[in-house]
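Asks: no sequence on this one, just coordinates:
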């Protein structure tokens, strides 16, 4: 392999790693606060942490549907067959994010996303427009929905009311997700430094199962 080929292999592997493992950074930072109840007794903090974790799953799933297939094809076209295979394995792992999101009704997804955006951003211009755009997942498919402002507010308010409050709504979504710990563990295997993941992807062996993490106490 010449120097230019080597550079291309590094570029593609780092692109794959950033798409998925880069998106897991919020999961590593906030996931412990709702996955491990011993970390805090602050229920509002746990709800906020869950909303950030939850919304990061959209980026991971979208990577498996859009960005990764493009890079896998590019790797194969350049003759990096093992890198292409490892990229496919990475995409399969990332699909578990979509599986988790698909468990949650679209109205409840809308509620979690709106709550998260308010906590993180305070104000977003999207929610003041005549038509509000929201990215949701249903049946393992990304669905970019557009609601009138009135319909969006009605769906959000009804979801909050039916669950007995915003905290209870988020708690219900969290319960649905943690009832599938194996899927959460699959996503956790992606939670490594993107540089480490890129190095693992370039190895001349197929990564089954894909994980670069050391066992932690």
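Replies: Good, I have the coordinates. Note that the structure is a prediction, hence the values are computed from the model and not measured. Numbers count the residues shown, from 1 in each chain.

Asks: contacts, neighbours, all on C-alpha from now
Replies: Will do.

Asks: list the buried residues of stretch 145-153.
Replies: For stretch 145-153, the buried set under the neighbour-count rule, 16 or more other C-alpha atoms under 10 Å, comprises 149, 152.

Asks: name the residues that touch that stretch?
Replies: Outside stretch 145-153, the residues that touch it by C-alpha atoms under 8 Å, 6 or more residues apart in numbering are 127, 128, 129, 130, 131, 132, 133, 134, 135, 136.

Asks: recalculate using a threshold of 7 Å.
Replies: Contacts made with stretch 145-153 from outside it, assessed by C-alpha atoms under 7 Å, 6 or more residues apart in numbering, are listed as 129, 130, 131, 132, 133, 134, 135.

Asks: longest helix of the protein?
Replies: In terms of residue count, the longest helix belonging to the chain (DSSP state H) is helix 81-102.

Asks: quick one, phi psi at residue 42?
Replies: Reported as degrees, to the nearest 10, the phi and psi values for residue 42 are phi -80, psi 100.

Asks: can you give me the buried ones in stretch 7-18?
Replies: Going by neighbour count (16+ other C-alpha under 10 Å), the buried part of stretch 7-18 is 9, 10, 12, 13, 14, 15, 16, 17, 18.

Asks: now swap in stretch 105-112 and tell me
Replies: Quick answer for stretch 105-112 (16+ other C-alpha under 10 Å): 106, 107, 108, 109, 110, 111, 112.

Asks: between those, which is nearest residue 82?
Replies: Distance ranking of the buried residues of stretch 105-112 against residue 82, using C-alpha to C-alpha, places residue 109 first at 36.5 Å.

Asks: in this protein, what spans have low per-residue confidence?
Replies: For the chain, the stretches with pLDDT under 70 are 1-3, 123, 206-217.

Asks: and the helices in it?
Replies: Read by DSSP H, the chain holds these helices, from start to end of the chain: 3-20, 25-35, 43-62, 68-77, 81-102, 106-121, 149-163, 166-178, 181-188, 194-201.
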